[in-house]
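>>> Sequence first, predicted model second:
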Amino acid sequence: MSARVTTLPRCSVLLAAAAVLFAQAGDRDQGAIRQAEQTWYKTAQITRGRRLAWWRAARFGCFIHWGVYSGPGGEWNGTPFKGYAEHLMRIEKIPLAEYKAKVVAPFNPVKFNADEWVKLIKGAGMGYLVITAKHHDGFAMWPSKVTRYNIRDAAKFTRDPMRELADACRRNGIRFGFYYSHAFDWEDPDAPGNDWDYDNPGGDRKLHGGDRWYDLHPDLLEKARRYVDRKAIPQLRELIAMYHPDILWFDTPQKLPLSEQLRIVGAVREADPDIVINGRAARGDGRQFGDYENTGDRAAEFRAPAGDWETIPTTNESYGYHRYDNSHKPPEYFIRLLARAAARGGNVLLNIGPMGDGEIDPRDQAILRGIGRWMTLNGDSIRGTERTPLTPQAWGETTRRPGALFLHVFHWPADGKLIVGGVEGDAARARLLAGGAVLPERRINLTDIAIAVPPAAPDPADSVIVLDMIGNFGGDPARLLSPTQDNRLSVFDARVSPGLRFTDGKAPHAYVYEWTRPDQTVSWPVRVNAETQFEVWARYSTGSAGIRGRFAVEAGTQRIEAAIEPTAKDTEPREVRLGTLRLPAGEFTLRVLPVEIPGGESIRLFSIMLKP
């Protein structure tokens, strides 16, 4: 494929001008910063929709963390270490000279085959690939002319794996891009992060004021600007000129002041205004200045923003290859994660960590092939879909595209009757997406549809049924509770009072917290079609083993109170049966609220389960 040719529109000129304003203002002239920020934010939206069109359609991409750290693979001097394998240099505080000698110089991925990688990724149903061109260790995985700290000049391997991957992606119709660590660089003496070789801010020792070093020590700004001007911006321009990426993925922007973050983004926009930029490129004052937002790492639950967003799970718990991390999740986990993200209008960028010899870990290969088998039959329910108007269902999730509502059935109904709650619109027919078998369906009231399904689920992970819709359709905001299946109400889908905070959604602590006032509630609008009695269970933890008090669950005029049973850790939640609620037919607000808060904080709530 030939290189993309672009012209620089007026909005990109304005973006570059805004970045100059930031640089001239420094980080002390707040008025100038606000003026530049407003110019930046407004002009960045002009061509955003055009840039994101392919990204929205893809819905599923492959993240690849691969670098010289993949050689040690979670081990240093014969001893395994905990944490992200790609953070080897920081975790073990390895001096740069030793890192160059023991990690960089021997790197020789003789088994690397770009075509095999891309064939596996395409087979998994992924539409784009993002690989680490430079991670936090500062090493360039391409033959950079900006610095000799690169794969051709410093490592045993002399080929250009970025070129081979870019070409393989374009031959196979996969969009291609780079992860570039713009704000964290452990090799460069002027960059934030390395506080064991240098007297630099931004590292674990919290030198010069910690994370807000640039506010407390403006005298250090010139040093960081030298790094940005001498390495970060020139390397980004080099990557764009050499490889013409479709997307650039940035990380840890908080290590640099907002002015420098925006200068970097401005340089990218100036070089190629069509490149998609993720939300971790530049953040400040409660806003992000990329094209879309990112969740935290390894999120299991999503507080989906209103706009475009992406989550970045990894196959185990490390992003770089870690030979001792055996926590790989099955393909079914990611298939359901894909459906849940797409239902909320988001993308999944699933990470793998190839080994130091260039081969993709066989455990990752098995996961991608398992996802690929499902995507081959059901990919239309993910690619090109939009945020669903329906609430989560007891049996699973829904995605939509014009004229079709896709039902992702995780929990197959034992009674052979699937009730789809909250569909406001007319359905022409129901059919299995894989195979096309037509299923009998009927409307049971103004918003709910019953579908007769086979006794056994066609796919144990996610059986997809299509409702072919006539014209426009919407959804009832009140969730229909099932009288035959368990109803899990996640706090990440709840309405919460001001002051309550969400975590980043990682499974061990996917809760709301800082529940300190009795007027703060977590609630869900729900409804039932006939009187039903439910067992009420709560999944929660506490901030410490000393937390006591009481909390309640209410629906209509009914109320259950329970004493808090503290947990040893907030990451080890307990599931507690609270009692029963008998709900008559109708609509209710199910609320959870504190009753007594003697320790200053109530529970940290993960979910409520209503079991018929």
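Nice, thanks for sending it over.
>>> hey, where'd the strands end up in the stretch 101-250 of the chain?
With DSSP state E, counting those that start in this stretch as the criterion, the stretch 101-250 of the chain has strands at 128-134, 175-180, 247-249.
>>> among these, which is nearest Leu256?
Closest approach to Leu256 among the strands of the stretch 101-250 of the chain (C-beta to C-beta): strand 175-180, 13.1 Å. No exception for glycine: its C-beta is placed from N, CA and C like everyone else's.
>>> So which residues of this protein form helices?
Counting by DSSP state H, one finds helices in the chain at the ranges 10-25, 30-44, 48-58, 88-91, 96-99, 114-123, 151-154, 161-171, 213-216, 221-227, 233-243, 258-271, 331-343, 362-378.
>>> how about the ones you listed, which one is nearest Thr516?
The closest of the helices of the chain to Thr516 is helix 213-216. By C-beta to C-beta, the value is 28.2 Å.
>>> in that closest one, what counts as buried?
Judged by neighbour count (16 or more other C-beta atoms under 10 Å), helix 213-216 contains these buried residues: Trp213, Tyr214.
>>> do stretch 507-519 as well
Buried residues in stretch 507-519 (16+ other C-beta under 10 Å): His509, Ala510, Tyr511, Val512, Tyr513, Trp515.
>>> And stretch 439-457, by the same measure?
Leu439, Glu441, Thr447, Asp448, Ile449, Ala450, Ile451, Val453.
>>> do stretch 153-166 as well
Residues of stretch 153-166 classed as buried: Ala154, Ala155, Phe157, Asp160, Pro161, Met162, Glu164, Leu165, Ala166 (neighbour count, 16+ other C-beta under 10 Å).
>>> Make TSV out of the buried residues of stretch 507-519 and add distance to Arg90.
Output for the buried residues of stretch 507-519, formatted as TSV (distance: C-beta to C-beta, whole Å):
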residue	distance to Arg90
His509	23
Ala510	26
Tyr511	28
Val512	31
Tyr513	28
Trp515	34
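>>> Of all pairs in the residues you listed, which one is the farthest apart?
Farthest pair in the buried residues of stretch 507-519, by C-beta to C-beta: Ala510 and Trp515, 15.0 Å.
>>> now do the same end-to-end measure for stretch 572-592.
End-to-end distance of stretch 572-592: 20 Å, with C-alpha to C-alpha, to the nearest Å as the criterion.
>>> which parts of it are buried?
The neighbour-count check on stretch 572-592 (16+ other C-beta under 10 Å) flags Pro573, Leu578, Leu581, Leu583, Phe588, Leu590, Arg591, Val592 as buried.
>>> Take these and keep only those in strands.
Taking DSSP state E, the ones among these that sit in strands are Leu578, Leu581, Leu583, Phe588, Leu590, Arg591, Val592.
>>> which strand residues sit across from the residue nearest to the spatial centre of the chain in the sheet?
Central residue of the chain (C-alpha atoms, centre = their mean): Thr311, 1.4 Å from the mean position. Counting by DSSP bridges, Thr311 is bridged to Val348.
>>> so it touches Glu301, yeah?
No: contact between Thr311 and Glu301 fails when scored by C-beta atoms under 8 Å: they sit 9.8 Å apart.
>>> Looking at the buried residues of stretch 153-166, which is nearest Trp186?
Checking the buried residues of stretch 153-166 one by one against Trp186 (C-beta to C-beta), the nearest turns out to be Ala154, at 14.4 Å.
>>> Leaving out chain neighbours, which residue sits closest to that closest one?
Of all residues not flanking Ala154 in the chain, Val104 sits nearest, at 5.2 Å (C-beta to C-beta, 6 or more residues apart in numbering).
>>> per-residue confidence averaged over stretch 517-530?
Across stretch 517-530, the average pLDDT comes to 97.
>>> That stretch: how far from the chain's middle?
27 Å (C-alpha atoms, centre = their mean, to the nearest Å).
>>> contacting residues around it?
Identification of contacts with stretch 517-530 by C-beta atoms under 8 Å, 6 or more residues apart in numbering yields 444-445, 448, 476-481, 483, 489, 491, 493-500, 512, 555, 583-595, 597, 605, 608.
>>> So if we follow the domain assignment, how does the chain break up?
10-381, 396-476, 487-611 (automatic domain parsing).
>>> For these, state which one has the densest average packing.
Counting by mean count of other C-beta atoms under 10 Å, domain 10-381 has the highest mean neighbour count of the domains of the chain, with a mean of 20.
>>> JSON lines for the buried residues of stretch 153-166, including distance to Tyr243 and pLDDT?
JSON lines is the format used below for the buried residues of stretch 153-166 (distance: C-beta to C-beta, whole Å; pLDDT from 0 to 100):
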{"residue": "Ala154", "distance to Tyr243": "20", "pLDDT": "97"}
{"residue": "Ala155", "distance to Tyr243": "19", "pLDDT": "97"}
{"residue": "Phe157", "distance to Tyr243": "18", "pLDDT": "97"}
{"residue": "Asp160", "distance to Tyr243": "10", "pLDDT": "98"}
{"residue": "Pro161", "distance to Tyr243": "11", "pLDDT": "98"}
{"residue": "Met162", "distance to Tyr243": "6", "pLDDT": "98"}
{"residue": "Glu164", "distance to Tyr243": "11", "pLDDT": "98"}
{"residue": "Leu165", "distance to Tyr243": "9", "pLDDT": "98"}
{"residue": "Ala166", "distance to Tyr243": "5", "pLDDT": "98"}
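>>> which of those residues sit farthest apart?
Spanning the widest gap among the buried residues of stretch 153-166 are Ala154 and Ala166, at 21.1 Å by C-beta to C-beta.
>>> Can you tell me which helix or strand of the chain has the lowest average pLDDT?
The weakest-scoring helix or strand in the chain, judged by mean pLDDT, DSSP states H and E, is helix 10-25 (a mean of 52).
>>> where does the stretch 51-200 of the chain have low pLDDT?
The model of the stretch 51-200 of the chain has no residue with pLDDT under 70.
>>> What are the neighbouring residues in contact with the closest residue to Gln533 other than its chain neighbours?
Setting aside the residues directly before and after it, Gln533 is nearest to Arg582 in space (C-beta to C-beta, 6+ apart), at 4.5 Å. For Arg582, the contact set (C-beta under 8 Å, 6+ apart) comprises Glu531, Thr532, Gln533, Phe534, Gln558.
>>> now swap in Thr399 and tell me
Thr399 sits next to Ala339, Ala342, Ala343, Ser381, Ile382, Thr385, Glu386, Thr388, Leu405, Phe406, His408 when contact means C-beta under 8 Å, 6+ apart.
>>> got it, and Pro106?
Taking C-beta under 8 Å, 6+ apart, one finds Gly71, Ala155, Lys156 in contact with Pro106.
>>> From Ala155, how far off is it?
Look at Pro106 and Ala155: by C-beta to C-beta, to the nearest Å, they are 8 Å apart.
>>> Kindly report the same for Tyr319.
Note on Tyr319: its distance to Ala155, by C-beta to C-beta, is 20 Å.
>>> Also Gly435?
Relative to Ala155, and taking C-beta to C-beta, Gly435 is found at 50 Å.
>>> Next: Val553.
59 Å.
>>> what sits against Glu187?
Going by C-beta under 8 Å, 6+ apart, Glu187 touches Leu96, Asp137, Gly138, Phe139, Tyr149, Asn194.
>>> Alright, that wraps it up for me.
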